[in-house]
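**Q** let me see the structure of the following:
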Amino acid sequence: MSLKSIFIKISNFFDFINKIAGYICGILVILMTLNVFFVVMLRYVFGISLIWMQETYVWMHAFVFMLGAGYTYLMNEHVRIDIIYRESSKKYKKIINLVGNIIFLIPFLYIIFFYSFPFVLKSFQMSEISREAGGLGMLFILKSSILFFVLLIFIQVISKIISDLLGSKNDT
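**A** The predicted structure follows:
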């Protein structure tokens, strides 16, 4: 097995992880929609307000954005200024992607990780719970979504770098 094929397998594995995260986000969107519907029905039809149900859809919303970012990057649906990039050659796009990933995105992910890790760790250590009476416990799970965001984007960046260097996929 050649080194190139090993890197391609790694890239495909990272893509697979983000596809799974994307599908989980799709399920969360459906569950979140149902949850909001029931919260509204309970509140305005029956006069019942359950804080934990309201917090549940807020948590799902956060997880959709944080876990779905890697999938969005995988599918090349992220926000980009396309004035020059759109009409450029594949070679130019690969160069821009490599420079952007290495110079901007990886350091940005490092900064997010560096500053959020102690924040999440402290939440775990104190078994942080919701401030609201009747709210959800284990707030540290929600805060961990920041670290999952960094991990999923990072593995997708590695996959994109491998693809751009080895030409294993057509993602431009």
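**Q** off-centre distance for the worst-scoring helix or strand of the chain on mean pLDDT?
**A** In the chain, no helix or strand scores lower on mean pLDDT, DSSP states H and E than helix 90-99, which sits at a mean of 90. Here the centre of helix 90-99 is set off from its chain's centre by 23 Å, with C-alpha atoms, centre = their mean, to the nearest Å.
**Q** how about the CA coordinates for whichever helix or strand comes after that helix, as PDB?
**A** Once helix 90-99 ends, the next helix or strand along the chain (criterion: DSSP states H and E) is helix 106-125. Listed next in PDB are the C-alpha coordinates belonging to helix 106-125 (Å, rounded to 0.1, in the frame of the first residue of the first chain):
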ATOM      1  CA  ILE A 106      -5.900  26.100  11.400                       C
ATOM      2  CA  PRO A 107      -4.600  29.000  13.500                       C
ATOM      3  CA  PHE A 108      -8.200  30.100  14.000                       C
ATOM      4  CA  LEU A 109      -9.200  26.600  15.200                       C
ATOM      5  CA  TYR A 110      -6.200  26.500  17.500                       C
ATOM      6  CA  ILE A 111      -7.300  29.800  19.100                       C
ATOM      7  CA  ILE A 112     -10.800  28.600  19.600                       C
ATOM      8  CA  PHE A 113      -9.500  25.300  21.200                       C
ATOM      9  CA  PHE A 114      -7.000  27.100  23.300                       C
ATOM     10  CA  TYR A 115      -9.500  29.500  24.900                       C
ATOM     11  CA  SER A 116     -12.500  27.100  25.000                       C
ATOM     12  CA  PHE A 117     -10.800  24.000  26.500                       C
ATOM     13  CA  PRO A 118     -10.400  25.500  30.000                       C
ATOM     14  CA  PHE A 119     -14.000  26.800  29.800                       C
ATOM     15  CA  VAL A 120     -15.400  23.400  29.000                       C
ATOM     16  CA  LEU A 121     -13.100  21.600  31.400                       C
ATOM     17  CA  LYS A 122     -14.200  23.900  34.300                       C
ATOM     18  CA  SER A 123     -17.800  23.100  33.400                       C
ATOM     19  CA  PHE A 124     -17.100  19.400  33.500                       C
ATOM     20  CA  GLN A 125     -15.200  19.700  36.800                       C
END
